[in-house]
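> how would this look folded up:
(3 chains)
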Amino acid sequence: MKKKQNAQELRERLLKIYEILNGYFGDLHWWPADHPFEMMVGAILTQNTAWTNVEKAIEALRRNRLLSPAALFHIPEDELAGIIRPSGYYHLKAQRLKSFVRFFLKEFSGSDSAMKAEPLPILRDKLFDVRGIGLETADSILLYACQKPVFVCDAYTKRILLRHGLIGEEADYLAIQALFMDHLPPDVSLFGQYHALIVKTGKVFCRKEPRCSACPLAVLRTAKRPSSRRKTTQS
DNA sequence: CACCAGGCAAGTA
DNA sequence: TACTTGCATGGT
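Predicted structure coming up:
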């Protein structure tokens, strides 16, 4: 079976990447937040936005005692928009937070443990139905706030996998996610740390040059060609 | 100064 | 279905 062998090789390559990055960066304790609800808020605020800006917005919410479903439900949308302004797209995100909170209160009475108790496929569909929650935001909430074994992908994930020849340019979110989920054990800690490592790598090493030799993954690019041409000169 | 960040949805063809 | 555009602040 050629297919099975290929699957085995993919698994090994994905684990190798993880091993290298994990050894390089160590445990990143991703997504520090006081409670799951704060993570869900952060997941919405961080859409296409630098985390440093999101932190300012979350701090502003905390100062205003707004980090609870009830508080966010009661505050007027335009007032909320003013408070989360540093996170960018603030009108849009105020609207999205409001629609998420309405959903969260209606479906789970604002209880994150009630939300966790929901079976994964159903919860995923429900989240995806909320306006302003797309694939990545839904998966971030599922993995980090609800501890569900879902692999979160993003722009960095695609960039890195492309660069290492594991996917093609045409691969979309679901295809990339399937690559990880079909070849790795469904482990919440593994998935969480792996995604964190990918984002960290992207931020630190993939900024300017398309192939940065300082990247810990650089060894894979030169060493792993199946045939011919051994270059031993990369550092 | 230009460019981009841990996306998403609505509009167009 | 596939491509384009609006949304917006703050850091490099």
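> Just the pLDDT for whatever residue of chain A ends up closest to DNA strand B.
Closest contact between chain A and DNA strand B, by Cβ to the nearest atom of the strand, is at A:G134 (2.3 Å). Quick note: C-beta positions are derived from backbone N, CA and C, even for glycine. A:G134 is assigned a predicted lDDT (pLDDT) of 97.
> Can you tell me the closest non-neighbouring residue to it?
A:F128 (7.5 Å; Cβ to Cβ, 6 or more residues apart in numbering).
> And A:K126, by the same measure?
Per Cβ to Cβ, 6+ apart, closest to A:K126 is A:E107, 6.4 Å.
> Can you list the buried residues in the strand or helix carrying the residue nearest to A:G134?
Using DSSP states H and E, A:F128 falls within helix A:120-129. For helix A:120-129, a neighbour-count test (16 or more other Cβ atoms under 10 Å) marks A:L123, A:R124, A:K126, A:L127 as buried.
> Just give me the neighbour total for A:L10.
Per other Cβ atoms under 10 Å, the neighbour tally for A:L10 reads 16.
> In contact with it, which residues?
The neighbours of A:L10, taking Cβ atoms under 8 Å, 6 or more residues apart in numbering as the test, are A:L166, A:L179, A:H183.
> re the thing from before, what about the residue nearest to A:K126, distance to DNA strand C?
The spacing between A:E107 and DNA strand C, counted by Cβ to the nearest atom of the strand, to the nearest Å, is 25 Å.
> cool, and A:R131?
Between A:R131 and DNA strand C the computed distance is 12 Å (Cβ to the nearest atom of the strand).
> what does A:M181 give?
For A:M181, the distance to DNA strand C - Cβ to the nearest atom of the strand - is 21 Å.
> name the element A:L166 belongs to?
A:L166 belongs to no helix or strand when assigned by DSSP H and E.
> Surely it touches A:R13?
Yes - if you go by Cβ atoms under 8 Å, A:L166 and A:R13 touch, sitting 6.7 Å apart.
> Determine which two of the buried residues of helix A:120-129 are furthest apart.
Using Cβ to Cβ, the buried residues of helix A:120-129 span at most 7.3 Å, a distance reached by A:R124 and A:K126.
> what's A:I167 in contact with, if anything?
A:K158, A:L161, A:A175, A:I176, A:L179.
> possible to save the residues you listed as TSV with secondary structure?
Shown next, in TSV, are the contacts of A:I167 (DSSP: H, G, I helix; E, B strand; the rest coil):
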residue	secondary structure
A:K158	helix
A:L161	helix
A:A175	helix
A:I176	helix
A:L179	helix
